[in-house]
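Undergrad: model this:
(one chain, ligands or ions: 1)
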Amino acid sequence: MSGPDRDTQAFFGARAAGWEERFPDDGPRFARAVAELGVRPGDVVLDAACGTGRALPVLREAAGPAGTVVGVDVTAEMLAEAVHRGRGGLAGLVRGDVGALPFADGTFTAVFAAGLVSHLDEPEAGLRELARVAAHGAGLALFSPIGRVALARRHGHELRPDDVRGQPRISALLSRAGWTTTLVDDAEDRWLVLAVRQ
Ligand SMILES: C[S@@+](CC[C@H](N)C(=O)[O-])C[C@H]1O[C@@H](n2cnc3c(N)ncnc32)[C@H](O)[C@@H]1O
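TA: Down below sits the predicted model:
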């Protein structure tokens, strides 16, 4: 793996063990976001940048025994923590870069991505790669269980005017990448964007 991912992996690698203890109250927000994505029994679901796999239990429950769930993350320590937490029994866990996913065109019927888009050096390219592996009509949820302003403050700064998650920027990026935005909830306590593969 090359390029800017090394910084990302160092950052998240150092935070993997304890990641979930830092955010003990996020579970219901993940469950609500997955419900709004509308994952159905039998779906083939990608959790892009799954980290420790916080979303995997609810994605697995929604996809049911007939469904398939795969989590991908670039940071080995995050995936090791996911295994440590038993998430390997809920989903396939694959180390990989969202910019170059190891899946065939049109594989997934639903794509969930929490905390990803602001970490991508080339967000449009990453969203286009998610579109490549998504089937026609597949749903996409870009999610954060904390609002943009609160997250910036947690990181010790104010919200930047060029934040990739702001409107109309995120919808324009999605459109160029092959997605049609259906919802933008830029709330104080979460950020959720839903889109459909064109
Ligand atoms: C803020 S964490 C979110 C993890 C998880 N989705 C959650 O909500 O707990 C961001 C994750 O994105 C992963 N990541 C960042 N860039 C990536 C890329 N290009 N491909 C795959 N994973 C990436 C990091 O390794 C990290 O696990």
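
Undergrad: now the residue nearest to the spatial centre of the chain: which helix or strand?
TA: By CA atoms, centre = their mean, the chain has its centre lying nearest to residue 113, at 1.3 Å. According to DSSP states H and E, residue 113 maps onto strand 108-114.

Undergrad: mind listing what that strand pairs with, with the direction of each?
TA: If you go by DSSP bridges, strand 108-114 pairs up with strand 44-48 (parallel), strand 134-144 (parallel).

Undergrad: in the last one, what's buried?
TA: Translated: strand 134-144. 134, 138, 139, 140, 141, 142, 143, 144 (16 or more other CB atoms under 10 Å). Heads up, the C-betas are built off the backbone N, CA and C, glycines and all.

Undergrad: outside of the lowest-mean-pLDDT helix or strand in the chain, which residues touch it?
TA: Using mean pLDDT, DSSP states H and E, helix 5-13 stands out as the lowest-scoring helix or strand of the chain, at a mean of 88. Residues from elsewhere that reach helix 5-13, judged by CB atoms under 8 Å, 6 or more residues apart in numbering: 1, 19, 51, 74, 75, 76, 77, 78, 97, 119.

Undergrad: and for residue 97, the neighbour number?
TA: By other CB atoms under 10 Å, the residues close to residue 97 number 19.

Undergrad: does it touch residue 73 like I think?
TA: No: using CB atoms under 8 Å, residue 97 is not in contact with residue 73; the gap is 9.4 Å.

Undergrad: before we move on, the earlier item: redo the strands paired with strand 108-114 as CSV? Include mean pLDDT and distance to the ligand.
TA: As requested, the strands paired with strand 108-114 are exported to CSV (pLDDT from 0 to 100; distance: least, CB to the nearest ligand atom, whole Å):
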stretch, mean pLDDT, distance to the ligand
strand 44-48, 98, 7
strand 134-144, 98, 8
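
Undergrad: which of those sits closest to residue 64?
TA: Of all the strands paired with strand 108-114, strand 44-48 sits nearest to residue 64, with 10.6 Å by CB to CB.

Undergrad: quick one: residues in contact with the closest one.
TA: By CB under 8 Å, 6+ apart, strand 44-48 touches 39, 53, 55-56, 59, 62-63, 67-72, 91, 98, 101, 103, 107-114, 116, 130, 133-135.

Undergrad: could you pick out the residues of this protein near the ligand for me?
TA: For the chain, the contact set with the ligand under CB under 6 Å from any ligand atom comprises 5, 8, 12, 49-52, 54, 72-75, 78, 97-99, 114-116, 119-120.

Undergrad: residue boundaries of the helices in this protein?
TA: 5-13, 27-37, 56-63, 76-84, 123-133, 148-154, 169-177 (DSSP state H).

Undergrad: and the third one, what other elements does it pack with?
TA: Judged by 3 or more CB pairs under 8 Å, 6 or more residues apart in numbering; DSSP states H and E, the packing partners of helix 56-63 are helix 27-37, strand 44-48, strand 68-73.

Undergrad: now, of those, which is deepest in the fold?
TA: For these, the largest average neighbour count (mean count of other CB atoms under 10 Å) is found in strand 44-48, namely a mean of 27.
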